[in-house]
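Engineer: could you look at this predicted model? Sequence included:
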Amino acid sequence: MVSLSQSSILGCGQTTGLLGLGRSRSLAVTRRSGLVVRCSGVARRGSLAMENVSESNGSAAASVVDAKSAVGGGVQDVYGEDRATEEQHVTPWAVSVASGYSLLRDPHHNKGLAFNEKERDAHYLRGLLPPAVVSQDLQERKIMHSLRHYKVPLQRYMALMDLQERNERLFYKLLIDHVEELLPVVYTPTVGLACQKYGAIFRRPQGLFISLKEKGKILEVLRNWPEKRIQVIVVTDGERILGLGDLGCQGMGIPVGKLSLYTALGGLRPSACLPITIDVGTNNEQLLKDEFYIGLRQRRATGQEYLELLDEFMSAVKQNYGEKVLIQFEDFANHNAFTLLDRYSRSHLVFNDDIQGTASVVLAGVVAALKLVGGTLAEHTFLFLGAGEAGTGIAELIALEMSKQTKAPLEESRKKIWLVDSKGLIVDSRKDSLQHFKKPWAHEHEPVKNLLDAVKAIKPTVLIGSSGVGRTFTQEVVEAMASFNEKPLILALSNPTSQSECTAEQAYTWSKGRAIFASGSPFDPVEYEGKVFVPGQANNAYIFPGFGLGLVMCGAIRVHDDMLLAASKALAQQVTQEHYDKGLIYPPFTNIRKISAHIAAKVAAKAYELGLASHLPRPENLVEHAESCMYTPLYRNYR
């Protein structure tokens with residue numbers, strides 16, 4: 001065992017073994033009993049050596065690597081950012097040195113003009129910054145002032161990405177404090193445009209790109225990522241980005257955006273999040289001919305070649321990061337999404353946001369809406385436009401909750417739910433030609449060719465759109481819904497805004513102000529006959545950040561459907577009478593961190609109940625525990 005003094009770990013430059021490398025102190029080597037700890041602001045290799053340091057052999061080891069300060073005993077809080085209060089001083093490194101010019105180029109620790117006078121002296125920043133010292137709040141006001149002058153959403157997106165790459169804490173403070181204003185910029189709808197233009201706006205990598213070229217050495221590629229303690233991975237192959245189709249390698253904007261929300265809304269540390277794009281080619285001819293395209297210029301790999309690459313990836317992730325890393329599949333095409341979720345759900349901690357996250361957030365909205373429309377879940381009839389991974393995922397979770405409430409078999413509950421795809425109503429006579437995930441929804445009925453006829457035949461109380469095709473809830477469809485429902489529940493979920501099945505204004509106007517409406521992308525409030533209606537947003541961002549936090553903080557090893565139901569109920573419980581009075585069936589995003597903490601608590605409680613949690617003993621108050629685990633973006637004072 002090796003004993004390292006506190007000064008050698010936290011200061012490096014203070015040790016007797018300091019090499020004469022000048023005042024920048026960008027590199028120092030400390031030798032103790034043959035162990036070399038390299039203190040570099042880039043490589044951070046010293047963190048590996050720390051694993052060999054015994055707490056009993058030095059107070060520094062205990063102060064730097066303290067399992068009690070980690071999220072639920074999981075990933076260790078090397079930098080002390082979670083356990084330190086805002087009043088406590090911390091160093092901008094643990095076993096690596098960042099000072100002078102390199103500190104200003106390190107987004108994890110850079111504070112810009114917020115470095116105070118003592119910090120400028122201690123960290124060799126004199127002359128590298130203008131003399132003014134400004135607070136983080138003033139920096140925030142300045143950035144927001146600049147952002148609001150941009151008229152083009154993509155310019156706002158690029159400005160925020162630039163901020164994230166130079167000052168991480170300021171980026172997250174902006175996103176947390178202005179979540180309703182900035183969520184449409186870093187997430188849907190603007191992120192869709194960013195993915196379409198990703199090759200042209202690409203500046204520096206924000207995640208890992210794993211292509212067919214890396215087959216056979218994916219584990220080596222994962223080890224190239226500088227952060228070694230990863231809790232959440234969001235991965236896409238770019239084949240079905242939002243409602244925009246195959247964007248290939250340029251789908252990276254989705255994992256980057258999702259993980260920004262994991263941190264801002266769910267409190268996961270940025271250093272514990274890893275965006276990954278798996279590039280197996282693209283069938284998008286426009287991209288293949290685009291001189292700025294950054295991915296493989298070949299048609300998509302399929303079949304055995306595709307599955308072998310995914311198998312290697314999943315195996316490498318578990319080998320490198322362990323059993324409890326959450327892998328979130330994002331924007332895979334239908335034919336792969338269901339296969340991959342089924343293939344790995346029994347061996348990995350996996351979650352498909354398009355199938356499971358969407359289902360959970362929509363079920364929450366439906367449960368909340370029951371207080372406005374009356375009746376129980378089983379007393380309503382559901383009609384879906386769209387029978388892909390989102391539509392069938394939502395339908396299955398609604399049927400599961402209905403079955404649990406009524407104690408009826410799942411097959412019976414499914415009969416209250418009808419789906420329409422591109423060929424019309426899914427009925428029993430079509431069963432032989434249906435994809436496997438559509439077959440449970442093939443009920444006895446005469447064939448119906450279009451949505452309007454299906455609405456008139458089925459007379460649903462709830463109409464849900466997950467088709468990815470814009471303006472398909474026509475005036476005739478909405479008027480038909482309003483003709484036999486006092487308060488028709490209409491959910492137009494497709495993203496981005498241009499693909500929404502109808503607008504909020506159309507839903508309220510065509511239903512004469514009687515519709516209860518929510519959409520996937522945001523819409524402004526609508527005034528109809530003197531009354532203002534505030535449309536809800538059935539956004540996955542309500543669910544997946546809190547869901548992921550719940551899994552991580554309890555050390556869950558698998559995802560269970562009951563956890564999704566628990567998340568839905570937790571979200572529905574956050575809707576108050578004040579929200580109902582405005583016609584809302586989702587709470588506002590301004591309280592999203594508290595909402596996420598409640599969701600995390602319910603998810604973790606269910607994991608403990610099912611015996612799927614590994615962090616023991618269970619905390620007494622899971623909501624408080626969730627809040628205590630959350631990352632805070634406030635600046636730290638440096639020694």
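Structural biologist: Structure received.
Engineer: low-scoring stretches of this protein, by residue?
Structural biologist: In the predicted model, the chain carries pLDDT under 70 at residues 1-98.
Engineer: most centrally placed residue in it?
Structural biologist: The geometric centre of the chain, computed from its C-alpha atoms, lies nearest to residue 258 (Cα atoms, centre = their mean), at 3.3 Å.
Engineer: find the nearest non-adjacent residue to it, please.
Structural biologist: Nearest residue to residue 258, sequence neighbours excluded (Cβ to Cβ, 6 or more residues apart in numbering): residue 234, at 4.6 Å. Yep, even glycine has a C-beta here, placed from its N, CA and C like the rest.
Engineer: name the helix or strand for that neighbour, please.
Structural biologist: Applying DSSP states H and E as the criterion places residue 234 in strand 232-236.
Engineer: which elements pack onto that strand?
Structural biologist: With contacts taken as 3 or more Cβ pairs under 8 Å, 6 or more residues apart in numbering; DSSP states H and E, strand 232-236 sits against helix 253-266, strand 273-279, helix 303-321, strand 326-329.
Engineer: contacts for it next, please.
Structural biologist: In this structure, residues lying in contact with strand 232-236 by Cβ atoms under 8 Å, 6 or more residues apart in numbering are 251-252, 254-255, 258-259, 262, 268, 272-278, 313, 317, 321, 325-332, 548, 552.
Engineer: just checking: what are the partner strands of it?
Structural biologist: Each strand paired with strand 232-236, and its direction, by DSSP bridges: strand 273-279 (parallel), strand 326-329 (parallel).
Engineer: quick one on the thing from earlier: now the residue nearest to residue 258: how far from residue 240?
Structural biologist: Counting by Cβ to Cβ, to the nearest Å, the gap from residue 234 to residue 240 is 15 Å.
Engineer: the more surrounded of those two?
Structural biologist: More crowded of residue 234 and residue 240, by other Cβ atoms under 10 Å: residue 234, with 28 against 24.
Engineer: quick one: the more buried one from residue 581, how far?
Structural biologist: Distance of residue 234 to residue 581, computed by Cβ to Cβ: 36 Å.
Engineer: can you check residue 158 too?
Structural biologist: As judged by Cβ to Cβ, residue 158 and residue 581 stand 39 Å apart.
Engineer: so those two - more neighbours on which side?
Structural biologist: Applying other Cβ under 10 Å to residue 158 and residue 581 shows that residue 158 carries more neighbours, namely 17 against 9.
Engineer: residues contacting the more buried one?
Structural biologist: Taking Cβ under 8 Å, 6+ apart as the contact definition, residue 158 lies against 194, 201.
Engineer: now do the SS call for it.
Structural biologist: Under DSSP: H, G, I helix; E, B strand; the rest coil, the three-state class of residue 158 is helix.
Engineer: can you check residue 301 too?
Structural biologist: Three states are possible here, and by three-state DSSP the one that applies to residue 301 is coil.
Engineer: pretty sure it sits against residue 279.
Structural biologist: No. The pair residue 301 and residue 279 does not pass the contact test of Cβ atoms under 8 Å, sitting 9.6 Å apart.
Engineer: who touches both of those two?
Structural biologist: Taking Cβ under 8 Å, 6+ apart as the contact rule, the neighbours common to residue 301 and residue 279 are residue 212.
Engineer: coming back round to it: okay, the angle between the strand holding residue 234 and helix 303-321?
Structural biologist: Computed by axes from the mean of the first three to the mean of the last three Cα atoms, to 10 degrees, the angle separating strand 232-236 from helix 303-321 equals 160 degrees.
Engineer: tilt between strand 232-236 and helix 253-266?
Structural biologist: Orientation note: strand 232-236 sits at an angle of 150 degrees relative to helix 253-266 (the same axes, to 10 degrees).
Engineer: centre of the chain versus strand 232-236, how much separation?
Structural biologist: Between the mean C-alpha location of strand 232-236 and the chain-wide mean there is a distance of 9 Å, by Cα atoms, centre = their mean, to the nearest Å.
Engineer: neighbouring contacts of stretch 368-375?
Structural biologist: Taking contacts as Cβ under 8 Å, 6+ apart, the residues outside stretch 368-375 that touch it are 376-377, 380, 461, 485-487, 489, 516, 571-572, 575, 580, 583, 585-586.
Engineer: list the buried ones in it?
Structural biologist: Neighbour-count burial for stretch 368-375, with 16 or more other Cβ atoms under 10 Å as criterion, is recorded at 368, 369, 370, 373.
Engineer: from residue 593, how far off is the residue nearest to residue 562 when sequence neighbours are not counted?
Structural biologist: Distance criterion Cβ to Cβ, 6+ apart; nearest residue to residue 562, sequence neighbours excluded, is residue 606 at 5.4 Å. Here the criterion is Cβ to Cβ. By it, residue 606 lies 21 Å from residue 593.
Engineer: wait, residue 185 touches residue 155, no?
Structural biologist: No. Using Cβ under 8 Å, residue 185 and residue 155 do not qualify as a contacting pair, with a distance of 9.8 Å.
Engineer: more neighbours: these two, which one.
Structural biologist: Between residue 185 and residue 155, counted using other Cβ under 10 Å, the more crowded position is residue 185 (25 against 14).
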